[in-house]
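Student: Just to be clear, the model below is a prediction. Sequence and coordinates:
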Amino acid sequence: MSFPLLTATAALPALGAIATAAVPAARRTAAKWLALLVSLATLVLAVVVLVRFEPGGDRYQLTESHAWIADFGVRYELGVDGIGVALIALTALLIPFVILAGWHDADPLETRSSRWRPTQGFFALILAVEAMVILSFEATDVFLFYIFFEAMLIPMYFLIGGFGDRAHAGTDEKAAAQRSYAAVKFLLYNLVGGLIMLAAVIGLYVVAGNFSLQEIAEARANGTLDMATNTERWLFLGFFFAFAVKAPLWPLHTWLPNAMGEATAPVAVLITAVVDKVGTFAMLRFCLQLFPEASKWATPVILVLALISIVYGALLAVGQRDIKRLVAYASISHFGFIIMGIFAMTSQGQSGATLYMVNHGISTAALMLVAGFLISRRGSRLIADYGGVQKVAPVLAGTFLIGSLATLSLPGLAPFVSEFLVLVGTFTRYPVIGIIATFGIVLAALYTLVLYQRTMTGPVKPEVSAMPDLRVRELVVVTPLIALLIFLGVFPKPLTDIVNPAVEHTMSDVQKQDPKPEVEAAK
Amino acid sequence: MTDLAAYTTSAGEAFQFWVLGTIAVIGALCTVFMKKAVHSALCLAGTMIILAVFYLANGAYFLGIVQVVVYTGAIMMLFLFVVMLVGVTAADSLKETIKGQRWLALLCGLGFGILLCAGIGNASLNEFNGLGQANAGGNVEGLAALIFTKYVFAFELTGALLITAAVGAMVLTHRERTERAKTQRELAEERVREGKQLPPLPAPGVYARHNAVDIAGLLPDGTASELTVIKTLRERGQIRDVSDEAINDLKALEQRAEERLGREEEATK
Amino acid sequence: MNPVNYLYLAALLFTIGATGVLIRRNAIVVFMCVELMLNACNLALVAFSRMHGNLDGQIIAFFTMVVAAAEVVVGLAIIVSLFRSRHSASVDDASLMKL
Amino acid sequence: MENLIALLVAAPLLGAAVLLCGGRRLDAVGHWIGTVLAAASFVIGAILFADMLGKGAEEREMTQHLFSWVPVEGFQADVAFQLDQLSMTFVLLISGVGSLIHVYSIGYMEHDERRRRFFGYLNLFLAAMLLLVLADNYLLLYVGWEGVGLASYLLIGFWQHKPSAATAAKKAFLVNRVGDMGLSIAIMLMFAWFGTFAFGPVLEATGETSEGKLTAIGLMLLLAACGKSAQVPLQSWLGDAMEGPTPVSALIHAATMVTAGVYLIVRSGAIFNGAPDAQLAVTVVGAVTLLFGAIVGCAKDDIKKALAGSTMSQIGYMILAAGLGPIGYVFAIMHLVTHGFFKAGLFLGAGSVMHGMNDEVDMRKYGGLRKYMPVTFVTFGLGYLAIIGFPGLSGFFSKDKIIEAAFAKGGTEGWILGGVALLGAAITAYYMTRVMLMTFFGEERWRHAPTPSPAEPSVEPAAETHGEHAEPHPHESPSSMTIPMIVLAFGSVFAGAFFGIGDRFIHWLEPVTDHAHGHPPVSALTVTLSTVAVMVIGVGVAYAQYGRRPVPVAAPRGSLLTRAARRDLLQDDFNHVVLVRGGEHLTRSLVYVDHTLVDGVVNGTAASMGGLSGRLRRLQNGFARSYAVSMFGGAAVLIAATLLMRAV
């Protein structure tokens, strides 16, 4: 029994959350530093996981398994495959930046009493989210996964509903109302999804007799456990619905713009870059692995929905007046790409989707955090309130531009690799869908460049004329992200090496081969 | 023969049951449907006494006595006291205020009763052995033996319950003075501020020939003033209006004068 | 006569009491009806004890009485304080349970 | 030797990185860094060129494999370079002209406080462009393809505080993106059908692929070429792109980037050879654009826009040639190179004129400038002679060959294309003469005309010192600007002859693009003579209109065609009405739908739930007695239930 590395990776932020919450009201700054240090330590642990993980080795590594609820065969089972490792690394990487970016977002208003401790709460909640997300990436027991999948909602709910933009912090009644609306919407959508999934989880238990992902998957693979076609399909739908809400897939997406629009930028990053990834990740790990036949059965519909998400999200992004909502709809479009790649059932598509999860996390984080800095300066989320920022704050504008370019997946930046892989992977099996999806890249260029043009270029508006450029803290947040974007865009090999084996496993789960190119087929 | 006796009771008891039972039911109905609380209380008392008789008939001598003493003697008296304290209120009227409540209630009652009877009907109550040997050593002794052995804990608990109830009753009824009593002056000022009825209420009773409490004082125009009599009497409709007494007296006077004049006419003739 | 009739009588009284509870508004009368119901139960218990030929039924009836006594004390106290506070003994006036 | 290839790209890339990340402390030396690194790239190119010349024609191709870019199951994308004669031609052109324009910009952007960034962008462009021409597979080419798009976006919008510039930049990028879509679809098709997108395998595999597939790929590539090379129907961005600083227009929108489409088609020659329909489409696009650009060029009064129109039309020539297949490829590239020289020269001349005229771009406010800026006049004039194909100058050789090849296409289409090419030559002569006359000859219309607010913001001291509305004082530009112009003029005079005589260029490129001699229905001499003839006609007409008569300062209303041409033949208006407006309406309605329909369904369910509970709430009337009734009823029901259970 070696050192439980995975448990430690998740336990550290969990304990950190408790410690941070316990910091007395007066020692606000201490709480911030504590949270930051904990998240950095978690990052170190994640790196250790990354190093200890052997791409060529078993499918699930660093496994841990303890009996938990013996009566129902629920076990505390952890294990990571390449995809899980990549996403854990992403999460652990982003959280410190989120914390740094939100450094002042939760400073208490002077109006409140001195015993009021929002700062501690804010950072504790972020760490709690990190812990749960990491655990849900690690859990190989369906029930265990379900628990964290749901528990994640609680801290997220408070983060969305409790902390607004400095622009209209709590004082503004209307903003507060919208915020609570967004938070409740987020909670309800995901709860409904989760409950349906719970039913499916129980159904799975009834059918399979235990919750262990590996055992069930093996049983499915070697035919000892065969489900009736309809049972499998129903269970699949139950799982998929929850993940599609989380992901979010059209038409279950409407909670995302509200949530991202109302939450502070760091929390928005937390939502779209970290929490939503659990949905797509779970599609890849649970849907495909547990219900391969049903997955194949549902593929056409899902692909069409994903396609709609891509185009529809992009078009709506063009139509937005609110910077954060625009990014949100852009994310919806990108999640469409991810889901499309997963269900294209080609190794290019799935590798692309996995890379896309990571790259989208980084690029959206970069764009959204810079947008957050912008908003915090001007105190408004409306695009129309900006103009000519590039003149007064060139560095801010430059980073914003790079973020935008990453969002429109310019070659040389990380998202391009993944997007192109997804497109190619889809195209080889479903040419029409692939071609239509390609329109997404034009629309992406449209909304990002329109956003940049309206906010950054043109004559300098008087309101922004005194806008300060990025401060050191903000540079510390943005620079590494951009560096990472460029590095992964030019040299994604380290990532693909980790991901590829896992993808091959998944492909073998669904018993799909890549379509052979015709020339070779002819030979 | 014996087992037949085991299944039936003596004719006398049957007679008693049918007569008193009827009365008991009537009493119960009266309890429910009498307008005034006092009457309900009395009817209930009657029903209880009859029940006491039934207890005795069923060989529960101790309970019968207790029923008379505790219930009819103590509890019902308590009820009467409270009725006296509260007096007559608008709540007394049998008019229903909640829509459909009465019909619902009657329906439920009817259905409930029928179901209950049905339940008793198809319950297998065939075994019937009187309290012969149970009461052999005396009913009270039997009870005592059981209470102090088998049911001693329940007994202790009920004791505790009684004490608690007593304390609770005291707590509830004892009015805690939160603010200091208003002085005469403050009361006066309050009255002036409210502006209604500055002087003290008018006294009841013109002419001291009656028990003046229940006679409204007359206003200058001869009509009775509501203010002069207490609310409870008014609601009970026990106020006597004497506003026409003066007229009656006048009539009597004239009559007598006529009689006298008439007699004098006869004398002069 | 079959002593089961006692049970029928008890049932009848109980039902009457219950109905009374439902249709009367004067708290005191409602209370009386409750007493009536309790007495009906006692009658049934006594009858049962006679049928089974042991005194347990009577014991229970006895306890019922004690409890009833306690309940009456507290209940009446409540009614009195209620009357003091809102000058009425109508159970409908205490309708604050409404949303 | 091979290892040097990467340096070609690395040098300017390094420059871009240093200049863009360096911050203000580099402002003083930034432009020198940029220029030196660009020149370094040219030097490396020259070394490689010399090395290449030292080898036999067949083993001149060299490759360099840097690293595996996206290693995914069954998907091999490598960062690898391939330097053959074709790439080499481009490398020299790009780095050479690029370096010259760097030098020119040192003077031109002297007083712009963001000059460092400008040079950073220029270097970025060079790196991307070199990557484009050096890539050995289509995906890497795509990277360069979009990279140059980004650079041109940044440079067109360099004066971002001008809304027009920002809009033009965005427009350019978007239109290019449409083209990029074509390229990416083409790559996907290649991957789906050939399982690879490296030049070598793909071009070999064309042999055993059906014509239909090749046509599909070809059309997609053509779409890409249209976007990048501003061919109809995706040409609309080029005119607006003139919002950028003039050196940018010279480098990106005349000499190099806009020719990337030609490179793509020539590079994919094998595919087009296998797909005649695609080839026809290419030629048609080329021919149409050729006329389109020329007509637009005739109507514009903005000197840069006029030159932009001519660029369009000249690239039309190249595309036309490239569409002709083996008989045209070489001439397409040849014209591309010569055009690189003289068009860059012309633009730099225009820039120099504007430099002296307070950034006035309206040719109607020029006139008689030859004695104020002699060097500009001479260099511009040589470029002018070159572009109209004056015998002996470079344009003559390249354009004439293209016209021949067009006739050589054979059949009616050959005649049509040839005719169009000839007509184009005439119009070219016309509008270039017009530009020449309006700018350097005639009376000095700028004397009394107060300059309106300049199209470009004043970055020169001239404008800053004696304000916007003062009368301009034409003066010759500093040597840093004139020297590049002289060099380019030299190129535009002799390049053609150097290439054309003895078919040097053909032999040089043949191994890559396999040249076939076209046989025009009429003798080559006839074609040449007719070309010269139409050129003379064009010049004559222009002289009659603008040389003899004085040019009105205010533009006359002009014929319907003229007005349409001024508005880019209404193509923009079409885009605006159909695409922009339509798109706006679409998005707006979608936003509405999303809010009411998709969101409404959910909120509706919630609302109905609320209503239901509200109705249920009525039952809670708060009367203890009604609660008691329900309890009582419940008890009754329970009893009934138990009885029933006992019964059954």
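Tutor: Thanks, I have it.
Student: C-alpha from now on. contacts and neighbour counts both.
Tutor: Fine.
Student: Scan chain D for its longest strand.
Tutor: strand D:62-72 (DSSP state E).
Student: can that strand be found next to chain A?
Tutor: Yes - applying Cα under 8 Å from any Cα of the partner chain, one finds strand D:62-72 in contact with chain A at D:68-72.
Student: and residue D:521, that's in a helix?
Tutor: No - counting by DSSP: H, G, I helix; E, B strand; the rest coil, one finds residue D:521 to be coil, located in no helix.
Student: That one touches residue D:410, doesn't it?
Tutor: Yes - if you go by Cα atoms under 8 Å, residue D:521 and residue D:410 touch, sitting 7.1 Å apart.
Student: Give me the residues contacting stretch A:263-275.
Tutor: Residues outside stretch A:263-275 that contact it (Cα atoms under 8 Å, 6 or more residues apart in numbering or on different chains) are A:90-91, A:95, A:98-99, A:101-102, A:105, A:133, A:156, A:159-161, A:163-165, A:179, A:246, A:259-261, A:324, A:328, A:331, A:357, A:360-362, A:364-365, A:368-369, A:371-372.
Student: In ChimeraX, how would I select the buried members of those?
Tutor: In ChimeraX, a selection of the buried entries from those looks like this (16 or more other Cα atoms under 10 Å in any protein chain shown):
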select /A:90,91,95,98,99,101,102,105,133,156,159,160,161,163,164,165,179,246,259,260,261,324,328,331,357,360,361,362,364,365,368,369,371,372
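Student: Can you list the low-confidence ranges for the chain?
Tutor: Using chain A. A:1, A:109-116, A:165-172, A:518-523 (pLDDT under 70).
Student: Hmm, no, I was thinking of chain D.
Tutor: D:448-471.
Student: Tell me how many other residues crowd the residue nearest to residue A:22 when sequence neighbours are not counted.
Tutor: Closest residue in space to residue A:22, ignoring its immediate chain neighbours: residue A:120 at 7.6 Å, by Cα to Cα, 6 or more residues apart in numbering or on different chains. Neighbour count for residue A:120, taken as other Cα atoms under 10 Å in any protein chain shown: 28.
Student: any idea which helix or strand carries residue A:120?
Tutor: helix A:118-138 (DSSP states H and E).
Student: Likewise for residue D:626?
Tutor: Going by DSSP H and E, residue D:626 is in helix D:624-647.
Student: How about that helix, which residues are buried there?
Tutor: D:624-626, D:629, D:632-633, D:636-637, D:639-640, D:643.
Student: Could you list which of the residues you listed also contact chain C?
Tutor: Among the buried residues of helix D:624-647, chain C is touched by D:624-626, D:629 when using Cα under 8 Å from any Cα.
Student: and of the residues you listed, the nearest to residue A:215?
Tutor: Nearest to residue A:215 among those is residue D:629, at 56.0 Å by Cα to Cα.
Student: pretty sure the closest one is touching residue B:104, no?
Tutor: Yes - the criterion here is Cα under 8 Å, and residue D:629 meets it with residue B:104 at 7.3 Å.
Student: Is any residue of the helix holding residue D:626 near chain B?
Tutor: Yes - Helix D:624-647 comes into contact with chain B (Cα under 8 Å from any Cα), by way of D:626, D:629, D:632-633, D:635-636, D:639-640, D:643.
Student: TSV for the residues you listed, including distance to residue D:45?
Tutor: Output for the residues of helix D:624-647 next to chain B, formatted as TSV (distance: Cα to Cα, whole Å):
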residue	distance to residue D:45
D:626	98
D:629	100
D:632	101
D:633	99
D:635	100
D:636	101
D:639	102
D:640	101
D:643	103
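Student: Let me know the closest of those residues to residue A:22.
Tutor: Using Cα to Cα, the residues of helix D:624-647 next to chain B come closest to residue A:22 at residue D:626, 49.8 Å.
Student: ok, and the closest non-adjacent residue to the closest one?
Tutor: Residue D:626's closest residue in space is residue B:101 (Cα to Cα, 6+ apart), at 6.7 Å.
Student: Model confidence for that neighbour, exactly?
Tutor: What the model reports for residue B:101 is a pLDDT of 83.
Student: Tell me which stretches of the stretch 1-150 of chain A form helices.
Tutor: Secondary structure of the stretch 1-150 of chain A (DSSP state H, counting those that start in this stretch): helices located at A:5-22, A:28-52, A:82-101, A:118-138, A:142-151.
Student: Packed most tightly, which of those helices would that be?
Tutor: Per-stretch averages of neighbours, counted by mean count of other Cα atoms under 10 Å in any protein chain shown, single out helix A:118-138 among the helices of the stretch 1-150 of chain A, with a mean of 27.
Student: Mind giving me the packing neighbours of that helix?
Tutor: Judged by 3 or more Cα pairs under 8 Å, 6 or more residues apart in numbering or on different chains; DSSP states H and E, helix A:118-138 is in contact with helix A:5-22, helix A:28-52, strand A:74-80, helix A:82-101, helix A:142-151, helix A:153-162, helix A:276-282.
Student: Residue D:472: what's it in contact with?
Tutor: So residue D:472 contacts D:356-358, D:446-447, D:451 (Cα under 8 Å, 6+ apart).
Student: Just the buried subset of those residues, please.
Tutor: Judged by 16+ other Cα under 10 Å, buried ones among these: D:356-358, D:446, D:451.
Student: and which of these is nearest to chain A?
Tutor: Nearest to chain A out of the buried ones among the contacts of residue D:472 is residue D:358 (Cα to the nearest Cα; 21.4 Å).
Student: what about the closest one, which SS state?
Tutor: Assignment for residue D:358 (three-state DSSP): coil.
Student: try residue B:135
Tutor: coil.
Student: Now it. Nearest residue, chain neighbours left out?
Tutor: In space, residue B:135 is closest to residue B:142, 6.5 Å off (Cα to Cα, 6+ apart).
Student: In chain B, what residue comes closest to chain D?
Tutor: residue B:112 (5.1 Å).
Student: got the end-to-end distance for stretch A:202-219?
Tutor: Stretch A:202-219 has an end-to-end distance of 18 Å (Cα to Cα, to the nearest Å).
Student: List the buried residues for it?
Tutor: Neighbour-count burial for stretch A:202-219 [16+ other Cα under 10 Å]: A:202-205, A:207-208, A:210-214, A:216-218.
Student: if we look at that stretch, which residues are touching it?
Tutor: So stretch A:202-219 is contacted by A:72-75, A:77, A:140-143, A:225, A:227, A:235, A:286, A:289-290 (Cα under 8 Å, 6+ apart).
Student: So how do I select the buried members of those in ChimeraX?
Tutor: For the buried members of those, the matching ChimeraX selection, counting by 16+ other Cα under 10 Å, is:
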select /A:73,74,75,77,140,141,142,143,227,235,286,289,290
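Student: From the contacts of stretch A:202-219, list the ones also adjacent to chain D.
Tutor: Counting by Cα under 8 Å from any Cα, no member of the contacts of stretch A:202-219 reaches chain D.
Student: ok, of the contacts of stretch A:202-219, which one's closest to residue C:72?
Tutor: Using Cα to Cα, those come closest to residue C:72 at residue A:72, 51.8 Å.
Student: follow-up on the earlier one: I'd like the helices and strands packed on helix A:118-138 laid out as a markdown table, including distance to residue D:526.
Tutor: Output for the helices and strands packed on helix A:118-138, formatted as a markdown table (distance: least, Cα to Cα, whole Å):
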| stretch | distance to residue D:526 |
| --- | --- |
| helix A:5-22 | 82 |
| helix A:28-52 | 74 |
| strand A:74-80 | 77 |
| helix A:82-101 | 69 |
| helix A:142-151 | 81 |
| helix A:153-162 | 79 |
| helix A:276-282 | 69 |
